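> When you get a sec, could you give me coordinates for this:
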Amino acid sequence: MNKTLKVLLIEDSTDYAALVQQWLSTRTDITFVLDWAISLSEGLTRLKKGGFDVILLDLGLPDSEGLETFTRVNALGSGVPVILLSGDDDEKLALQTVLDGAQDFIFKRSCTSDSLAKAIQYAVVRATNQVVNVDPVLPPGKATIIGVMGVKGGVGSTTIACNLAVELHRQTGSKTLLADLDLDGGMVGFLMNAHSEHTVLDAIRNVDRLDLSFWEGLVERRDGLDVLRSPSFPGVAEPDPAALELVLSMIRREYGWVVVDLGRPAGFSLGLIESLSELILVTTTSVPSLYEAKRAIAELRLTGFEGDRLKVVVNQLSKAQEFSNNDLDKLLGVLPYARIPDASLELHEACVKKVSPPIGGVFRAQLAALARQLAGMTPEKTKSGVSSIFSFLAKPPAPARPPALSPPEISKPPVVRV
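Predicted coordinates for the structure are as follows:
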């Protein structure tokens, strides 16, 4: 047992919180560090930061009541033991939470300094023993969640999200989920030819009974992936990002990879970025796209999301504008992570035939290389033994010029400001 235990108290009563603080501060055998949250949303925000040894939870909070309160805290707690602070009329509910995974419950009326301190220490010991006794051959069950966001419509972010998910599964062999969180768009279902009647909103509405069997009834299997559609209905009411974060935290243990199509930067999609392991921001080299990319990067930096977690992918939909990676670095303040060459003909034929782009084609080869890079794998070798020509940081080759009888006139390129 550690000599210092960090406790998260989620309780809306100021008087009772002060009493808990008083009880724990008088202990001499162990030091309790108490962090108090007055609502569920505030408690979940602090819980995300981690570092807690135990959670003291009141089920009746201003923004949540009953079993759902415990379900959301327990899902986000990642094994942190939860002790319920129960009123006399909540005994049946408290017993149900113990059956659902709570370590213990304490009646507020009969609680004392000694009983609270012992309950906390026993809960920590039991939780530690449970972790130690887990079969070591079982996977840790923490999926890498990759968000794909287009800086504006028409940059090909959904096409990249779908094929990236397919290649992550194909290259790594890990179970992969593709989730469409662009609630108005619904292009994931179209591109993957998925027609399930269930959507991500059904998962959110049923989060209190979201076990594996229920989840398997929501997703649809396509190209080796589990696909979760969006409602694809313009004007649908956006759910609370915290509720969707809860769904992601509950199901990520079932997958090695989760790829989510976030659509364009907006309040809803930006509210989910803290749940992501990495964010792929897709842009083209058109002036409007570069302008929106610069705005999106600035917004993400304000939220603290930057560094290695943010990766800019340039989707070269045409050869109208050519920029080197150094040029883009100067324009955007971020060096591109990958460049996808123009493969519009391949993608058009695949869309018409309602099939995935061919594995041997240019587009899939680049997405396979991107998937391997994200997975930390070595570049795939071609039949000749030479590594894939895909380069994450190389300047694109200049187009060949026909020979001229006399030196051609060279005009200065226009200055592009983003």
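> Would you point out which residue is most central in the protein?
residue 276 (2.9 Å; CA atoms, centre = their mean).
> ok, residue 239 - contacts?
201, 204 (CB atoms under 8 Å, 6 or more residues apart in numbering). Quick note: C-beta positions are derived from backbone N, CA and C, even for glycine.
> list the buried ones in stretch 72-88?
72-77, 80-86 (16 or more other CB atoms under 10 Å).
> Same check on stretch 53-73?
Under 16+ other CB under 10 Å, the buried positions of stretch 53-73 are 53-61, 64, 69-73.
> first to last residue in that stretch, what's the distance?
Distance across stretch 53-73, first residue to last, is 14 Å (CA to CA, to the nearest Å).
> So what's the gap between it and the chain middle?
23 Å (CA atoms, centre = their mean, to the nearest Å).
> go on, stretch 315-335?
Centre to centre, stretch against its chain (CA atoms, centre = their mean), the figure for stretch 315-335 is 27 Å.
> now that stretch: mean pLDDT?
In this model, stretch 315-335 carries a mean pLDDT of 80.
> Kindly report the same for stretch 61-71.
On average, stretch 61-71 scores 86.
> Check stretch 197-210 too.
82.
> gap between the two ends of it?
End-to-end distance (CA to CA), stretch 197-210: 17 Å.
> Remind me what the lengthiest helix in the chain packs against, helices and strands.
Longest helix of the chain, by residue count under DSSP state H: helix 113-132. In terms of contacts (3 or more CB pairs under 8 Å, 6 or more residues apart in numbering; DSSP states H and E), helix 113-132 is packed against strand 4-10, helix 14-25, strand 54-58, strand 82-86, strand 104-107.
> Could you check how far the helix or strand just after that helix is from the centre of its chain?
Note on helix 113-132: by DSSP states H and E, the next helix or strand toward the C-terminus is strand 144-150. On the basis of CA atoms, centre = their mean, strand 144-150 sits 7 Å off its chain's mean C-alpha point.
> Let me have the helices and strands packed on helix 113-132 in a markdown table, adding distance to residue 194 and mean pLDDT as columns.
Putting the helices and strands packed on helix 113-132 into a markdown table (distance: least, CB to CB, whole Å; pLDDT from 0 to 100) gives the following:
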| stretch | distance to residue 194 | mean pLDDT |
| --- | --- | --- |
| strand 4-10 | 38 | 93 |
| helix 14-25 | 48 | 92 |
| strand 54-58 | 38 | 93 |
| strand 82-86 | 36 | 88 |
| strand 104-107 | 43 | 85 |
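> With distance to residue 118 added, can I get these in JSON lines?
Below are the helices and strands packed on helix 113-132 laid out as JSON lines (distance: least, CB to CB, whole Å):
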{"stretch": "strand 4-10", "distance to residue 118": "12"}
{"stretch": "helix 14-25", "distance to residue 118": "12"}
{"stretch": "strand 54-58", "distance to residue 118": "12"}
{"stretch": "strand 82-86", "distance to residue 118": "11"}
{"stretch": "strand 104-107", "distance to residue 118": "10"}
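> out of those, which comes closest to residue 294?
Across those, residue 294 has its closest neighbour in strand 4-10 (39.0 Å, CB to CB).
> so where's the stretch 151-300 of the chain shaky on pLDDT?
208, 234-236 (pLDDT under 70).
> tell me the contacts of residue 100?
Per CB under 8 Å, 6+ apart, neighbours of residue 100: 67, 70, 71, 74.
> correction: residue 123
54, 81, 83, 103, 104.
> Export those to a markdown table and append columns for distance to residue 304.
Formatted as a markdown table, the contacts of residue 123 follow (distance: CB to CB, whole Å):
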| residue | distance to residue 304 |
| --- | --- |
| 54 | 28 |
| 81 | 29 |
| 83 | 32 |
| 103 | 33 |
| 104 | 36 |
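> any idea how far residue 334 is from the residue nearest to the centre of the chain?
17 Å (CB to CB, to the nearest Å).
> what's the answer for residue 37, then?
35 Å.
> sorry, back to before: could you point out which of the helices and strands packed on helix 113-132 sits nearest residue 169?
strand 82-86 (34.3 Å).
> what's next to the helix or strand following that closest one, contact-wise?
Per DSSP H and E, the first helix or strand lying C-terminal to strand 82-86 is helix 91-99. By CB under 8 Å, 6+ apart, the residues outside helix 91-99 that reach it are 59, 66, 67, 70, 82, 84, 86, 102, 104, 105, 107.
> list the buried ones in stretch 196-209?
196, 199, 200, 201, 202, 203, 206, 207.
> list the contacts for the first one?
Okay, so that is residue 196. Counted by CB under 8 Å, 6+ apart, residue 196 has contacts 189, 218, 219, 220, 227, 229.
> That one belongs to a helix?
No: judged by DSSP: H, G, I helix; E, B strand; the rest coil, residue 196 forms no part of a helix; its state is coil.
> on that earlier part again, give me the more crowded residue out of residue 37 and residue 334.
residue 37 (21 against 18; other CB atoms under 10 Å).
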